[in-house]
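Colleague: Give me a model of this one.
(one chain, ligands or ions: 2)
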Amino acid sequence: MISYQEALQIVLDSIRALPPVELPLSQAVGRVLAQPVTARWDLPPADNSAMDGYALSSEGNLSRLTLVGAAFAGHPSDRVVGPGEATKITTGAPLPKGADAVVPLEETRLEGEMLLLEKQVRKGQHVRPRGEEYHSGERLLEPGICLKAGEIGLLASAGIVRVRVYPKPRVAILSTGDELVELGEMPGPGQIVNSNLHLLAARLREIDCDPIPIGIGRDTPEAIAEGLRSGLKADLLLTTGGVSVGERDHVQESLQALGFEKKFWKVAIKPGKPILFGMVGEVPVFGLPGNPAASAATFDLFAHPALRRLAGHRQPGPPQVAVTLAEPVRADAKRQIFIWGYLEISESEFLFRPSRRQGSGQNRSLQGANALLPVDAGAGELPAGSRLKAIPLYLSPM
Ligand code: AMP
Ligand code: MG
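Modeller: Ligands and ions are numbered 1, 2, ... in the order given. Okay, here's the model as predicted:
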């Protein structure tokens with residue numbers, strides 16, 4: 001059986017970023033840039049005031065100044081400021097001709113019509129020179145940058161209306177199992193709610209992907225094949241259940257009939273051993289186990305990095321941070337285990353507190369968890385205070 005690292009490498013080697021699309025800036029937050037962006041103009045467009053106060057020439061006689069004109073943001077003054085003169089100015093207003101410094105309101109006094117200064121004036125003080133932030137033709141952003149609020153503001157300042165970005169992956173979710181009913185229906189004898197759909201759809205939204213529920217494929221090869229066919233219209237397909245060795249586990253055989261190129265089935269991890277991965281054409285397909293905590297763990301260990309790659313991120317992850325164990329944990333003899341738990345910031349370090357429950361069949365293993373702790377096979381008992389690395393689920397690389 002292959003290891004987690006080997007399997008993750010296969011996933012990443014199989015997947016390329018989706019073809020870029022052009023989006024209005026208002027829809028581009030969270031997307032990864034697929035083009036360089038260059039400034040079309042200087043910002044600020046002119047020398048302007050960084051304070052509310054008075055614009056003047058630092059070279060004239062500064063003992064008593066005569067007020068001439070006023071410059072407001074959006075309303076420049078066309079009156080030249082001569083020696084011994086000052087123009088009232090507000091923050092962001094272009095500096096009038098003749099001025100080379102701004103004296104803040106707080107450092108001045110009015111005596112009748114005359115302005116008196118309380119401090120020395122330095123040439124260029126409180127002036128934001130034209131192009132201080134960027135010059136026309138300057139490279140603002142490189143491809144591969146994830147656009148967050150700060151980058152969106154920068155692009156807007158440069159008048160960039162549309163950008164080429166990698167699109168948000170659309171992810172189909174096919175649930176399988178004769179025992180499942182949809183949320184809102186009352187489970188009959190032996191039935192349970194299709195909770196994995198909601199778990200995965202929520203997780204997809206958390207990581208900025210669009211979930212597309214395909215419904216429940218009943219446990220026959222035909223029903224599952226039908227679900228798979230519609231799911232393959234998405235950018236990535238997740239199935240849950242039906243990938244073990246049970247008599248009614250038909251996902252793999254149904255995929256085969258659709259041209260599935262299997263990359264691996266079964267990885268030496270716990271939970272999530274039966275995970276299946278391969279491609280149908282350009283569409284990555286993950287057969288996630290049905291057990292909720294196994295489904296969720298394999299989603300974060302494999303599908304999340306795959307989705308980051310589709311979305312154009314340079315670092316697909318998952319990221320790891322150094323942690324100190326708050327409680328002892330015990331390794332498995334044969335498989336690498338992933339322990340659900342809570343990462344807590346304590347002074348200058350992350351403490352990892354394992355969840356009370358770890359059962360792969362239980363939704364409650366995830367309750368309150370924000371991290372997975374990989375523990376190598378055969379590592380024995382690791383006491384509290386041990387230093388390990390954990391995978392934070394709510395802290396992505398950019
Ligand atoms: P399977 O992988 O199909 O053998 O399912 C393993 C376990 O996960 C069984 O107990 C299933 O009832 C359960 N399970 C499968 N699919 C779901 C689902 N969508 N939501 C909740 N539990 C599920
Ligand atoms: Mg099943």
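
Colleague: gap between Arg356 and Gly227?
Modeller: Arg356 is 35 Å from Gly227, where distance means C-beta to C-beta, to the nearest Å. Where C-beta positions appear, they are placed from N, C-alpha and C, glycine not excepted.

Colleague: out of the two, which sits in the busier spot?
Modeller: Between Arg356 and Gly227, counting by other C-beta atoms under 10 Å, Gly227 is the more crowded of the two (24 against 11).

Colleague: pLDDT score for Leu199?
Modeller: Per-residue pLDDT puts Leu199 at 98.

Colleague: List the contacts of it.
Modeller: Pro292, Ser295, Ala296, Asn363, Leu366 (C-beta atoms under 8 Å, 6 or more residues apart in numbering).

Colleague: 10 Å instead, please
Modeller: Ile173, Thr240, Pro292, Ala293, Ser295, Ala296, Phe299, Asn363, Leu366 (C-beta atoms under 10 Å, 6 or more residues apart in numbering).

Colleague: List the beta-bridge partners for the second one.
Modeller: Beta-bridge partners of Thr240, counted by DSSP bridges, are Ser175, Leu288.

Colleague: Surely it and Leu174 touch.
Modeller: Yes - using C-beta atoms under 10 Å, Thr240 is in contact with Leu174, at 7.5 Å.

Colleague: rewinding a little: so which of the contacts of Leu199 sit within strands?
Modeller: Counted as lying in strands by DSSP state E, out of the contacts of Leu199, are Ile173, Thr240.

Colleague: Can you flag which of the contacts of Leu199 belong to helices?
Modeller: Pro292, Ala293, Ser295, Ala296 (DSSP state H).

Colleague: ok so, going back, could you dump the contacts of Leu199 into TSV with distance to ligand 2 added?
Modeller: Below are the contacts of Leu199 laid out as TSV (distance: C-beta to the ion, whole Å):
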residue	distance to ligand 2
Ile173	15
Thr240	9
Pro292	12
Ala293	15
Ser295	11
Ala296	16
Phe299	17
Asn363	16
Leu366	20
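
Colleague: so where's this protein shaky on pLDDT?
Modeller: Along the chain, the parts satisfying pLDDT under 70 run over 398.

Colleague: shared neighbours of Thr240 and Leu174, which are they?
Modeller: Leu197, Ile216, Gly217, Val251, Gly287.

Colleague: Roughly how far does the residue of the stretch 251-398 of the chain found nearest ligand 2 sit from Ile10?
Modeller: Nearest to ligand 2 in the stretch 251-398 of the chain, going by C-beta to the ion, is Gly290, at a distance of 5.0 Å. As judged by C-beta to C-beta, Gly290 and Ile10 stand 22 Å apart.

Colleague: Kindly report the same for Met186.
Modeller: 42 Å.

Colleague: and if you look at Leu23?
Modeller: Leu23 is 31 Å from Ile10, by C-beta to C-beta.

Colleague: tell me the contacts of Tyr333?
Modeller: If you look again at residue 333, you'll see it is Ala, not Tyr. Contacts of Ala333 (C-beta under 10 Å, 6+ apart): Ala377, Gly378, Ala379, Gly380.

Colleague: The first one and Phe338 touch, don't they?
Modeller: No - taking contacts as C-beta under 10 Å, Ala377 lies outside contact range of Phe338: 11.8 Å.

Colleague: between those two, which one's more packed in?
Modeller: Higher neighbour count among Ala377 and Phe338: Phe338, with 26 against 15, using other C-beta under 10 Å.

Colleague: Check the secondary structure at the more buried one for me.
Modeller: Classification of Phe338 using DSSP: H, G, I helix; E, B strand; the rest coil returns strand.

Colleague: Not counting its neighbours along the chain, what's nearest it?
Modeller: Leu372 (4.5 Å; C-beta to C-beta, 6 or more residues apart in numbering).

Colleague: now check stretch 180-200, is it near ligand 1?
Modeller: Yes - judged by C-beta under 6 Å from any ligand atom, stretch 180-200 comes into contact with ligand 1 through Leu180, Ile192, Asn194, Ser195, Asn196, Leu197.
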